[in-house]
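Visitor: dropping a prediction and its sequence here:
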Amino acid sequence: MPLQKQEGLEADVADIGLDALVVADLVYNKELSWLAFNWRVLHMALDVHVPLFERLRFLAISACNIDEFFCKRVGALKRQEAAGVENLIKLQPRMAWTPQQQLKHIARDVRLMVDTQIACLTEELLPALNKKEIKLVDYDGLHLHEKDQLRLYFKSALEPILTPLAVDPGHPFPYIGNLTLSIAVVRRFSEILMMMLFNLRLFLYHLDWSDGRAWNLLKLMSTFSKSYNRNAFVPVEDIIINNLDLLFGGMEIKGAYAFRTTRNADVARNEEEAEDLLEMIADEMRELRFAPFVRLEVDREMPLEVVQRLVMELGLNDLNDVYAVCGPIALGELASLPVKLEVNSSLVYTPWTPKTHPRIQGADIFEVIRKGDILLHHPYHSFVTSIQHFVEAAANDPKVMAIKATLYRTSNDSPVISALAKAAESGKQVAVLVELKARFDEERNIGFAQKLEDACCNVVYGLIGLKTHCKCILVVRKEDDGLRTYVHIGTGNYNPRTASVYTDFGLLSCDPDLGMDVINLFKYLTGYHRQVAYLKLLVSPGTMRNEFVWLIEREIVNAQMGKPASIIVKCNGLDDQVMVTKLYEASKAGVKVDCIVRGMCRIRTGIPNVSDNIRVVSIIGRFLEHHRVMRFENGGKAEYYMGSADWMNRNLTRRVEVVVPVEAEPLQKELQEMLDACLCDRRNAWEMRPDGRYQLLGIGTMKTPPREHTPQAASSKLAATVENKGLHEGLMEIVAKRCRKARKLIMGKRTEASRKLVIKTTAV
């Protein structure tokens, strides 16, 4: 968290009425709440208990997060500012901030964050990595013969593809792409300031390094010198800047400075008038290449007159859009630093290999599901041997008649896409909704949609005015007693890459009611069917919010009647005003409310007679907390739900989301165990304080939480492990132990079966 409170937010809100409490920007602002989350991510880079190279990765993640924040969230505010939205705000200034006010608060917070990132890198991480023989080498510190080698490299590999672009009355300002690192070269000719620009992305993208990969933006290359080991790197922009005399022979160069630009990625869509959604999104992608600039990052040594010229040419409003960096620009690229580490290096987390779910090991997937629902927990359980196996088995099974799926985000080489295409090519009915409007994945999803169409799949591009965010797969199989439906309903995307670092739940079931619900859901997604009510599923934007409200109101009634009443909500974001209001009402009625919210959260805890029964916890660790789970005490007969929906306004009103009740008692116990573990964490858990700021649990005044949690399903051993080592380490230990036990049991059964077969054969 920042050293001081975020500008504009009030620390003491006890005197604010409930109606204002849920709408006022001075209590909760979405943009500042997101930045507070990114401060918690940045803390992982500052935490000396985190392995050193992992700290560098968290630093890069926090920088990438800021890039996306400017592209999307700041971009949206810039559009509002240009449209004059501040003139439409009629509420009191303390209740609703104008876009200009929000941009001012954001700029202040981000400048402090960027300075903290640079200080973390230059004062802590780089010196510590240098001791471990991982070096980001300063060009000026190289020996003369090393500079000579890099000069030869410049002549052979860089100079031929460099094109200086003049900026003067005779040369228009060149095109610069989004998140592009460039170099401004300044010289004086007859006392007139001249600039030459190099767009690094234009040429560095095509450079292949020793491992065959092309590294974008901040390109780091191994030095050729024997003075350094294989983990020594020099930024390519430094090589260019220090060899400019080869490009400008006989000219006096006054200076060369790196800078980076960010364009607006927020778009205004008119989907109702679109004749073809695919064509509309494709056009948007082309238009975004020329979207307005929203941020300029510059080398802190860049002269003011050069900065002002860039601000003018880029069409930025003023110097408030400029961020001077005293260190490397584009820190996000450090995540792709091609460092070669020894096996089991102490610089990284202990490797974790996801385990095959105990019930799936060596068994027919459909037969296992028929015996009872299966709860998958990624990345502890393997995506490959569960969800991927489920889809591939369905594609290869001659008894399977149809497969239907929703795809929001997936990987470039997705085996799920390949399996669906194979199923269609073999004659099965395959219907896939590919959400083209998934932010920053539009182009990738367009490619997937076209690939699936080429394989004869029935492809839907999404619904007009809504994003389809639910994660569902339906398999229809012809069996002896007729057609049977198998479903997977999850909290996370069908992406094998993110499944190894995102925590998500998935339910495999052949419950006929769930099967009918998912059939009706796809009728809605692919056709014009309107389902009024579902047998078990909670679906938005239909009745989901109202059903959650009813569940909260039931807890309020139970509390008033003296019955057990409590609510646990685990999600990525919680800002829907209706849900927040109901949680405040529940707290006032005496309902114990635990909110495990990774990111943005509108609730303020600890307000007397309003939220003194509410805890808000945020967990940041080696895995990204991503699952959404809700638990309602229900007078002692607890009900559990899981699905794709956060309690954000966008999820409950503008997205197609699915939440499923988890009814099997063993699976409920697994969910409760995870919730217990979250609420027992003293290593990676942050507790919201009454002033709205978060403090890491287990230290200082937060040595113990304001309200202790009594585990209901987690063993004392798991609770102790989580308290000392953190949520993820505790769950890895228990999952590994259970999978080993299941494997031994399976091997024992196989050994016994083989022994009986030998005895029988001998007898014959």
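Guide: That came through fine.
Visitor: for this protein, give me the ranges with low pLDDT.
Guide: Filtered on pLDDT under 70, the chain yields the residue ranges 1-4, 85-94, 188-230, 268-278, 700-703, 749-764.
Visitor: kindly recompute the last result at 50.
Guide: Across the chain, residues meeting the criterion (pLDDT under 50) sit at 190-193, 201-226.
Visitor: so Ala438 is in which element?
Guide: For Ala438, there is no enclosing helix or strand under DSSP states H and E.
Visitor: and it, how far is that from Lys72?
Guide: Per Cβ to Cβ, to the nearest Å, Ala438 is found 12 Å from Lys72. To be clear about C-beta, it is placed using only N, CA and C from the backbone, and glycine gets the same treatment.
Visitor: repeat that for Trp352.
Guide: Taken as Cβ to Cβ, the spacing of Trp352 relative to Lys72 amounts to 31 Å.
Visitor: could you do Pro292 as well?
Guide: Noted for Pro292: a distance of 14 Å to Lys72, by Cβ to Cβ.
Visitor: before we move on, back to that, who has more neighbours out of Ala438 and Lys72?
Guide: Taking neighbours as other Cβ atoms under 10 Å, Ala438 and Lys72 compare with Ala438 leading, 19 against 16.
Visitor: would you mind giving the secondary structure of Glu7?
Guide: Classification of Glu7 by DSSP: H, G, I helix; E, B strand; the rest coil places it in coil.
Visitor: what number of residues lie near it?
Guide: 15.
Visitor: Leu574 now?
Guide: 24.
Visitor: I'd say Cys472 and His488 touch.
Guide: Yes - at 7.0 Å, Cys472 and His488 qualify as touching, with contact defined as Cβ atoms under 8 Å.
Visitor: more neighbours: which of those two?
Guide: Set Cys472 next to His488 and count neighbours by other Cβ under 10 Å: Cys472 wins out with 26 against 23.
Visitor: can I assume that one sits in a strand?
Guide: Yes - under three-state DSSP, Cys472 falls within a strand.
Visitor: and it, how close does it get to Lys725?
Guide: From Cys472 to Lys725 the distance is 35 Å (Cβ to Cβ).
Visitor: ditto for Leu745
Guide: Counting by Cβ to Cβ, the gap from Leu745 to Lys725 is 27 Å.
Visitor: what helix or strand is Val298 located in?
Guide: Using DSSP H and E, Val298 falls within strand 293-299.
Visitor: let me see the ranges of the helices in the stretch 301-450 of the chain.
Guide: 304-314, 365-370, 389-396, 415-425, 442-454 (DSSP state H, counting those that start in this stretch).
Visitor: partners of the strand holding Val298, with directions?
Guide: strand 253-263 (antiparallel), strand 322-325 (parallel) (DSSP bridges).
Visitor: Serialize the ones you listed to CSV and add fields for mean neighbour count.
Guide: Formatted as CSV, those follow (neighbours: other Cβ atoms under 10 Å):
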stretch, mean neighbour count
strand 253-263, 20
strand 322-325, 20
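Visitor: which one, of those, ends up nearest to Leu126?
Guide: Minimum separation from Leu126 across those (Cβ to Cβ) falls at strand 322-325, 14.9 Å.
Visitor: isn't Val616 right next to Glu687, touching?
Guide: Yes - between Val616 and Glu687 there is a contact under Cβ under 8 Å: 7.3 Å.
Visitor: between these two, who's got more neighbours?
Guide: Taking other Cβ under 10 Å, Val616 and Glu687 do not tie; Val616 has more neighbours (24 against 21).
Visitor: contact partners for the spatially closest residue to that one that is not a sequence neighbour?
Guide: Residue nearest to Val616 in three dimensions, not counting chain neighbours: Met688, with 3.9 Å by Cβ to Cβ, 6 or more residues apart in numbering. By Cβ atoms under 8 Å, 6 or more residues apart in numbering, the residues touching Met688 are 601, 603-605, 615-618, 694.
Visitor: got it, and Thr653?
Guide: Neighbour list for Thr653: 540-541, 545 [criterion: Cβ under 8 Å, 6+ apart].
Visitor: rerun at 6 Å
Guide: Neighbouring residues of Thr653 by Cβ atoms under 6 Å, 6 or more residues apart in numbering: Pro541.
Visitor: next, give phi and psi for it.
Guide: When read as degrees, to the nearest 10, the backbone of Thr653 gives phi -130, psi -30.
Visitor: swap in Asn29?
Guide: Here Asn29 shows phi and psi, under degrees, to the nearest 10, equal to phi -120, psi 130.
Visitor: repeat for Val659
Guide: The phi/psi pair for Val659 (degrees, to the nearest 10) is phi -120, psi 140.
Visitor: helices along the stretch 1-150 of the chain, start to end?
Guide: Under DSSP H, counting those that start in this stretch, the stretch 1-150 of the chain gives helices at 18-21, 30-46, 52-69, 75-82, 99-119, 126-131, 144-153.
Visitor: for the longest one, the distance to its chain's centre please.
Guide: In other words, helix 99-119. Its chain's average C-alpha position is 21 Å from that of helix 99-119, according to Cα atoms, centre = their mean, to the nearest Å.
Visitor: returning to that earlier point: Leu745 and Lys725: which has the busier surroundings?
Guide: Neighbours were counted for Leu745 and for Lys725 using other Cβ under 10 Å; Lys725 has more, 17 against 12.
Visitor: residue contacts, the more buried one?
Guide: Taking Cβ under 6 Å, 6+ apart, we find Lys725 in contact with Arg683.
Visitor: Val391 contacts Ile417, doesn't it?
Guide: No - under the criterion of Cβ atoms under 6 Å, Val391 makes no contact with Ile417, lying 9.6 Å away.
Visitor: identify the contacts common to Ala438 and Lys72.
Guide: Residues touching both Ala438 and Lys72 (Cβ under 6 Å, 6+ apart): none.
Visitor: buried ones in stretch 493-509?
Guide: In terms of neighbour count (16 or more other Cβ atoms under 10 Å), stretch 493-509 has its buried residues at 493-496, 498-500, 502-509.
Visitor: report the two of the residues you listed separated the most.
Guide: Ser500 and Ser509 (24.1 Å).
Visitor: just how off-centre is the strand holding Val298 within its chain?
Guide: On Cα atoms, centre = their mean, the centre of strand 293-299 falls 24 Å from the chain's centre.
Visitor: got it, and stretch 366-374?
Guide: 31 Å.
Visitor: span of that stretch from start to end?
Guide: With Cα to Cα, to the nearest Å applied, stretch 366-374 spans 11 Å between its terminal residues.
Visitor: count the residues that sit near His709.
Guide: By other Cβ under 10 Å, 20 other residues sit near His709.
Visitor: verify the stated contact: Ser644 with His469.
Guide: Yes - counting by Cβ under 6 Å, His469 is a contact partner of Ser644 at 5.4 Å.
Visitor: the more surrounded of those two?
Guide: Set side by side, Ser644 and His469 show more neighbours around Ser644, with 27 against 24, by other Cβ under 10 Å.
Visitor: let me see the contact set for the more buried one.
Guide: 469-471, 491, 657-658.
Visitor: quick one, phi psi at it?
Guide: Torsion angles at Ser644 (phi, psi; degrees, to the nearest 10) stand at phi -90, psi -10.
Visitor: what's the answer for the one 5 residues further on, then?
Guide: Per-residue torsions, Asn649: phi -60, psi -40 (degrees, to the nearest 10).
Visitor: what does Gly315 give?
Guide: According to degrees, to the nearest 10, Gly315 has phi 70, psi 30.
Visitor: ok, Tyr380 next?
Guide: Per-residue torsions, Tyr380: phi -70, psi -40 (degrees, to the nearest 10).
Visitor: which SS class is the closest residue to it other than its chain neighbours?
Guide: Of all residues not flanking Tyr380 in the chain, Val735 sits nearest, at 4.1 Å (Cβ to Cβ, 6+ apart). Reducing the assignment at Val735 to three states with three-state DSSP gives helix.
Visitor: quick check, Val735 in contact with Ser382.
Guide: No - in this structure Val735 lies outside contact range of Ser382 using Cβ under 6 Å: 10.5 Å.
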